[in-house]
Every structure is written in structure tokens, then in C-alpha cells.
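> This is a predicted model, with the sequence first.
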Amino acid sequence: MTSIQRALADSAAAYAHRAVDSFVSDNLADFYLLAGISIEHAMKARLARENIAFIAPDRAFTSALELWRTRDDIKSLPVGTKTIGGAEAINRLAIIEKSFAVHADSVRDILRFRNGEAHIGAPGAGDHRKVFTSFVAAINALLKVPAASFWGEHSNLVEATLGENSRGVSLHVAEVLAAATAKYRRKFDFLDEHQRSSLLALAEQDAEHRQSDDVLLIACPACGTEAALLEGENSIEVDVEVDHRDGTVTGGRHYVEFQAGSLECLACGLELDGQEDLEAAGVETLLPNDTIDSDRLLREYYGDDY
């Protein structure tokens, strides 16, 4: 059996994940609808945790009685049992949990935007990123779950959005990574294992064919496939061995160093441009290029003088 409170919390979580997927996919209509449902269910779950009767409307004894009788098994709840709406849930939460007051106005806006999308096909929101920030902050406060594990693959985005990411992933890069991950899932998740493997193999083969001295093949920081192409420039570096007793050079070696500048993944479509974004995504931007013979580069550069 699943209690009404547990069912509401689980539903809030499921809709929250779908809302974030929609946001990073730039499907804003679905984001507002799903975010509004998630918020309302999360508020009711919080009230039900205190007392299941707290989600019954005023002067609705029959509804309160049915909610109480079936509190431990939502499947037993009679169809049509009335509960409060979102606006009243906000008012009641403000009394029960004083700390929720900081989210009250933004939650009212989210519910209003949901209704605008549901009723006339336009949410009326101007700053979508601000609404997204308010949404994830309110869900974290209501469900009281560990954010890193709750948001899963979107945890970096949520942490960056709320300014809590200790790993330094910028909000822009977090959004780009989340969008690429969502695109990868839409592209591959509905396929069976054979179809998925075949398409990924084609993408990785295409990436291998596009490798060159200035384009290296790496694992994608968004989808993890070996279909990401790291483009940059090579330079010859020298390690010199010195006798520190008298400062004389005793030996050394030269090698090719690769400085990355951009990335493109042929599987999920991720694109990163610039060293700062690459580093924020966890991509190493300065690394030895073992695929090139340093002697060949030196001969090409110095010609007959080498």
C-alpha cells in the first residue's frame, strides 16, 4: 500500500524531473504545466505529512473523513474526493512552516503561470530562468531531499542555478550539458539495445574518421560516449634536464602539447567553445598529444635546418 502523503511526494518528484527535462529542452509550455503540478503536489505532501486532513477544503467534512480513512492507501480514496487548491495550500503552509514564507510569492507565480499555459496557452512569464530558479528552490525546500541525489543527472544544473556548485560549473555550461544530455536521451532511450548500439557505433566511427592532428577523440562530458571531438592547436614543448649543482644541461626531450579550444559531440550534439567553458565542463584543455610524432612536426617547421 502507498499512503496518500507518499503518493503525493512521489508524484511531485516525478513531475519535477519531467519539468526540468522540459526546461533544458526549451519546451517551456510543458515546463510550466509540469512545474505547477509538481509544486502543488509537493505542497500537499508537506501538509499531509503533518495531518492528512490539512489538505481537505474548509467545511468539507466528508472529504476530510475520506482522506483520513484512506490515508495509508491512496488506491482506496474515492474518486472525486475534494482537496484544497494551490493558493490555499500556500496559505496553510505559511502557517505550519514559517520558513516557507520566502518561497510563497514565487510559488504563487508558478501556479499562475501554469494556469495561464493551461487556460490560454500562454504562461505570461517574462524571465523563464528566474521562474526555473524559484521552482527548483521551492521543490528542494518542500520535499527536503538531498539535492544531489534527487536531481540526478541535472544536479549540476540545479546546484549552479542556486549558486551552490562547489565544483565551479558555470550556469551557462550546466545548462548546455543538461540540454545535450536530454537530447541524447530523446534520441536513444526509446531504441532497443541493438538499435542503440548500432547508431552509437556509427557516431563513434564518424568521429574516428574526423580525427586529425588538431582534432582529438575523447569521451563526451554530457553523454559519456566516445564520439566527442576536441579541437585545438599543437605546440612543441621541451623538458630540459639540468644539473642543479652547476646549472649545466645534461639532457632533455621534446614532446607535442595540445591546447584545446572547442568541443563537439556527434552523439548528443554538445558544443563547447573556449577554454573556460571546457574547463567548467570538466574537460582537460592542456594535454600531451601522443598521436603526433614530435620529430615530424619539427621537420615540417624547420625543414632542411632540422
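Arrived safely. Numbering: from 1, shown residues only.
> Tell me where the longest helix sits in the protein.
For the chain, the longest helix by residue count, based on DSSP state H, is helix 28-50.
> Now that one: average pLDDT?
Averaging pLDDT along helix 28-50 gives 95.
> Equivalent analysis for stretch 184-192, please.
On average, stretch 184-192 scores 89.
> From the chain's centroid, how far away is that stretch?
17 Å (C-alpha atoms, centre = their mean, to the nearest Å).
> now stretch 258-268
How far stretch 258-268 lies from its chain's middle: 19 Å, per C-alpha atoms, centre = their mean.
> got the buried residues for that stretch?
Within stretch 258-268, the residues that count as buried by 16 or more other C-beta atoms under 10 Å are 258, 260, 261, 262, 263, 264, 265, 266, 267, 268. In short, each C-beta sits where N, CA and C put it, glycine included.
> now the helices for the stretch 151-300 of the chain?
155-161, 171-188, 193-209, 275-280, 294-302 (DSSP state H, counting those that start in this stretch).
> all strands for the stretch 101-250 of the chain, in order.
215-218, 228-243, 248-265 (DSSP state E, counting those that start in this stretch).
> what residue ranges in the stretch 101-250 of the chain score low on pLDDT?
164-169, 238-250 (pLDDT under 70).
> let's see it at 80
Applying pLDDT under 80 to the stretch 101-250 of the chain flags residues 145-148, 164-171, 236-250.
> Residue 261 contacts residue 233, doesn't it?
Yes - under the criterion of C-beta atoms under 8 Å, residue 261 makes contact with residue 233 at 7.0 Å.
> returning to that earlier point: of the helices of the stretch 151-300 of the chain, which stretch is the most buried?
helix 155-161 (a mean of 22; mean count of other C-beta atoms under 10 Å).
> Show me what that helix is packed against.
If contacts are counted by 3 or more C-beta pairs under 8 Å, 6 or more residues apart in numbering; DSSP states H and E, helix 155-161 sits against helix 4-24, helix 128-143, helix 147-150, helix 171-188.
> Tell me which residues are up against that helix.
With C-beta atoms under 8 Å, 6 or more residues apart in numbering as the test, helix 155-161 has contacts from 20, 24, 129, 132-133, 136, 140, 147-149, 151, 165, 167, 169-171, 173-175, 177-178.
> hang on, the earlier thing: closest one of the buried residues of stretch 258-268 to residue 44?
residue 268 (36.3 Å; C-beta to C-beta).
> Residue 50: what's its closest spatial neighbour, skipping adjacent residues?
residue 96 (5.8 Å; C-beta to C-beta, 6 or more residues apart in numbering).
> what sits against residue 275?
Residue 275 neighbours (C-beta under 8 Å, 6+ apart): 259, 260, 261, 285.
> didn't residue 204 look like it was pressed against residue 228?
No - Residue 204 lies out of contact with residue 228 (C-beta under 8 Å); the separation is 9.8 Å.
> which neighbours do the two share?
266, 267.
> Spatially central residue in the chain, please.
residue 154 (2.4 Å; C-alpha atoms, centre = their mean).
> coming back round to it: ok, which of the helices of the stretch 151-300 of the chain comes nearest residue 59?
Across the helices of the stretch 151-300 of the chain, closest to residue 59 is helix 155-161 (C-beta to C-beta), at 39.7 Å.
> Backbone torsions only: list them for residue 124.
Note on residue 124: backbone dihedrals following degrees, to the nearest 10 are phi 90, psi 0.
> Report the contact partners of it.
112, 113, 116.
> List the contacts of the first one.
Counting by C-beta under 8 Å, 6+ apart, residue 112 makes contact with residue 124.
> nearest residue to residue 292 other than its sequence neighbours?
Nearest one to residue 292, counting by C-beta to C-beta, 6+ apart, is residue 256 at 4.6 Å.
> Please apply the same query to residue 69.
Spatial nearest neighbour of residue 69, excluding adjacent residues (C-beta to C-beta, 6+ apart): residue 76 at 7.6 Å.
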